[in-house]
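Visitor: Test case, fold it:
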Amino acid sequence: MAREFPIEKMRNFGIVAHVDAGKTTTSERVLFYTGMSHKIGEVHDGATVTDWMEQERERGITITAAAISCNWTKTMEEDRTNKDLMTTFNIIDTPGHIDFTAEVKRSMRVLDGAVVVFDGAAGVEPQTETNWGYADEANVPRLCFVNKMDKLGADYDASIKSIHERLSPKAVRVQLPIGREDDLSGVVDLITMKAYRFGGEMGMDVTEEEIPAELVEQATKWRGELIEKVVEHDDALMEAFLEGNEPSTEDLKATLRKAVLANEIFPILTGSALKNIGVQLVLDAVVDYLPAPTDLPPVVGTDPKTGEEIERGPSDEEPFAALAFKLQDDKFVGQLAFFRVYSGTVKAGSYILNSSTGNKERVGRIVRLMADKREEVEEVYAGEIAAAVGIKEVQTSHTFCDPDNPIVLEQITFPEPVVAVRVEPKTKNDQEKMSTALKRLSDEDPTFKVSTDEETLETIIAGMGELHLDIIVDRMKREFGVEANIGQPQVAYRETIQGMAEAEHKYQKQTGGRGQFGHVKIRIQPLQPVVLDEDGNEKIAKNVKREEHFEFVDNIKGGVIPNEFIPAVMKGAKEAMERGFVAGYKMEDISVELFDGSYHEVDSSEVAFRLAAINAFKEAAAKANPVILEPVMKVEVRTPEEYMGDIQGNISSKRGQIEATEEVGGKTIVNAKVPLSEMFGYTNSLRSMTQGRASMTMEFDHYAVVPPNVAEEIKKSRGVTS
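Guide: As a prediction, the model looks like this:
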């Protein structure tokens, strides 16, 4: 089966935004205008295609990233059925709520571009900043769409100012709104210097007009700024421009595309998805400026056998390589493994290698995603996004590849959960189903963790926030039929050390036959930041194994401990860190150095060295000034000015630190850092304080050492005596 569209005519992009900025409403227009749906579903009616989960429709928010494949012919093209004019889109509509931020992060890893949606009355909001940071990490080119220009208080200039101040000064307007609030009637394109109006059914009929007389001066001014920004990226255009020659529309577009691909310019477009104004021009901009897979450098991975760096180019002729970026349980077909193909092709029924596990797997079926609907396909090509049915041992971030040409792609890292609750099944029948449900749900969501309290044997589930865990419990009930009792939310504290200490332990046991002998000397200290070389790569010595929040340094000289036992020492140290020494919380950010020891030619074993390491670590940790860490949240409160004093005083009483205040859209924004333990129930308190006129968002920022008086309270609650 031949490829339907050439890879150059493909765009993989995500639609990202803060919650309530109009992201899903924009996605619904995209589906309608591309012919994927014949009726626009609205969020407030609970009838959207991309928000297909029951919980999403009930709450009016996006919880899980939805993938959509569709085709688009540019707005002013006459023959909309001509395949030569079409571009195929693979779109992911991502959540805007911070509790589901993992969906955005993993989507950014596999997408080539992004459309960032802003609320025209609110400008840049907290989750937009977080999503923008994820896009920066993944080096993803972006378009900005200032939405909701029909909304009361919408202000295009203020929104752009907030983008420049909080995200990037490289953002440049390429459109102007015609009117605003109730008077919004179209947009002006600063490249073509034409006005566009949207009429007919759901804005389907787009007409090109001359710019209204009252906007000509403003459009000329902003077009001049746009040209100045664009010609900076082409020496010939710059020279011609300085000589008084304005670039042609074609040259302007081509150079702007080059700058967007290099993340040197982020074009700003505008309109109102709800009022069906401007969305088609956003899709045109995706075609014109966001990258095809061939515009990006080859993906880089490592050879699983040699550890050498390997590249795979975006071509069907290269060996197959793909990244599994999301798992989803489907009641009809079982587990779906979403994957992005970086090179080569894969057919249904063929065998692939999961290089992350070393297992060879058969791909039973392959489907393209249409939100909650599926289209079965025989083959998937380079650059495409699809889902595989029948892959057994797969986790998020696993690499699929050609068995004869193995490669391991870089894994996606996810934030650690910060809120935990105890959960117990209501009946014995629920007990059996609950373990299955929790396993499936934790496989799907890398930020959802399940553990068992060693003392009480209770099951503890942890996630990114209260809403995250509410959704998990709701899904257990609806999808798996599990009834459970849920405890009060608890903070996911951590422990670490603030000093350096050494310890020695000799594990020796004789039981008549062969004995056990392991002897280690270790030194532990706080984990230091990685040093970068001139190219920005991590400089890590060969004798150092570094993982997230942990480092192991092998400084054994002269073979006093044989090489085969050293991994067991590392394993023992990591095992000892699972339970801390102040209040029993997991330890992190520790460097463990093994610098001496001894062994017995007959009695030494991996088990003996692992146990010796556990005991040595415990002795050292007790002497290294162990402390409790608590999650500190970045909090943003939007409030009318008259409540500012009450809110600031309330935040200070919660051990919070106010970092900045600013005026946006007629409201005052308070930015603060507050410990999570002080924030439970804060939304209700805020409503009471402000007669329901203020709103609050928060997201995890960092872990900080708990003050001594708070540490004592935590220890008491855990039954620990000093």
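
Visitor: Going by C-alpha atoms from here, please, whenever you check contacts or count neighbours.
Guide: Noted.

Visitor: Can you read off the pLDDT for the closest residue to Val674 other than its chain neighbours?
Guide: Using Cα to Cα, 6 or more residues apart in numbering and skipping residues adjacent in sequence, the residue nearest Val674 is Gly656, 4.2 Å away. Gly656 is assigned 92 on the pLDDT scale.

Visitor: do the same with Glu54
Guide: Looking at Glu54, its pLDDT stands at 49.

Visitor: quick revisit: contacts only, for the residue nearest to Val674.
Guide: Shown in contact with Gly656 (Cα atoms under 8 Å, 6 or more residues apart in numbering): Ala672, Lys673, Val674, Pro675.

Visitor: of the residues you listed, buried ones?
Guide: The neighbour-count criterion (16 or more other Cα atoms under 10 Å) marks Ala672, Lys673, Val674, Pro675 among the contacts of Gly656 as buried.

Visitor: can you give me the offset of the helix or strand containing the first one from its chain's centre?
Guide: Meaning Ala672. Ala672 belongs to strand 667-675 when elements are defined using DSSP states H and E. From the chain centre to the centre of strand 667-675 is a distance of 23 Å (Cα atoms, centre = their mean, to the nearest Å).

Visitor: Also stretch 394-404?
Guide: With Cα atoms, centre = their mean, you get 20 Å for stretch 394-404.

Visitor: Same check on stretch 448-459?
Guide: Centroid displacement of stretch 448-459 relative to its chain, using Cα atoms, centre = their mean, is 26 Å.

Visitor: ok, of the contacts of Gly656, which one's closest to Asp316?
Guide: Closest to Asp316 out of the contacts of Gly656 is Lys673 (48.8 Å), distances taken as Cα to Cα.

Visitor: Not counting sequence-adjacent ones, nearest residue to that closest one?
Guide: Nearest in space to Lys673, with sequence neighbours left out and distances taken as Cα to Cα, 6+ apart, is Lys634 at 4.8 Å.

Visitor: same thing with Asp596?
Guide: Distance criterion Cα to Cα, 6+ apart; nearest residue to Asp596, sequence neighbours excluded, is Lys521 at 5.0 Å.

Visitor: before we move on, back to that, ok, so of the buried ones among the contacts of Gly656, who is nearest Glu551?
Guide: Nearest to Glu551 out of these is Pro675 (Cα to Cα; 27.2 Å).

Visitor: So which helix or strand of the chain has the lowest pLDDT on average?
Guide: Within the chain, confidence by mean pLDDT, DSSP states H and E is lowest for helix 54-59 among all helices and strands, at a mean of 44.

Visitor: helices or strands up against the helix or strand following it?
Guide: Downstream of helix 54-59, the first helix or strand assigned by DSSP H and E is strand 66-73. The contact analysis (3 or more Cα pairs under 8 Å, 6 or more residues apart in numbering; DSSP states H and E) places strand 66-73 against strand 86-93, strand 365-370.

Visitor: Try it again at 10 Å.
Guide: Helices and strands touching strand 66-73, by 3 or more Cα pairs under 10 Å, 6 or more residues apart in numbering; DSSP states H and E, are strand 10-17, helix 23-33, strand 86-93, helix 101-110, helix 279-289, strand 365-370, strand 373-377, strand 385-389.

Visitor: okay if I get these as JSON lines plus mean neighbour count and mean pLDDT?
Guide: What follows is the helices and strands packed on strand 66-73, written out as JSON lines (neighbours: other Cα atoms under 10 Å; pLDDT from 0 to 100):
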{"stretch": "strand 10-17", "mean neighbour count": "26", "mean pLDDT": "88"}
{"stretch": "helix 23-33", "mean neighbour count": "24", "mean pLDDT": "83"}
{"stretch": "strand 86-93", "mean neighbour count": "24", "mean pLDDT": "84"}
{"stretch": "helix 101-110", "mean neighbour count": "25", "mean pLDDT": "72"}
{"stretch": "helix 279-289", "mean neighbour count": "21", "mean pLDDT": "94"}
{"stretch": "strand 365-370", "mean neighbour count": "22", "mean pLDDT": "80"}
{"stretch": "strand 373-377", "mean neighbour count": "13", "mean pLDDT": "78"}
{"stretch": "strand 385-389", "mean neighbour count": "24", "mean pLDDT": "87"}
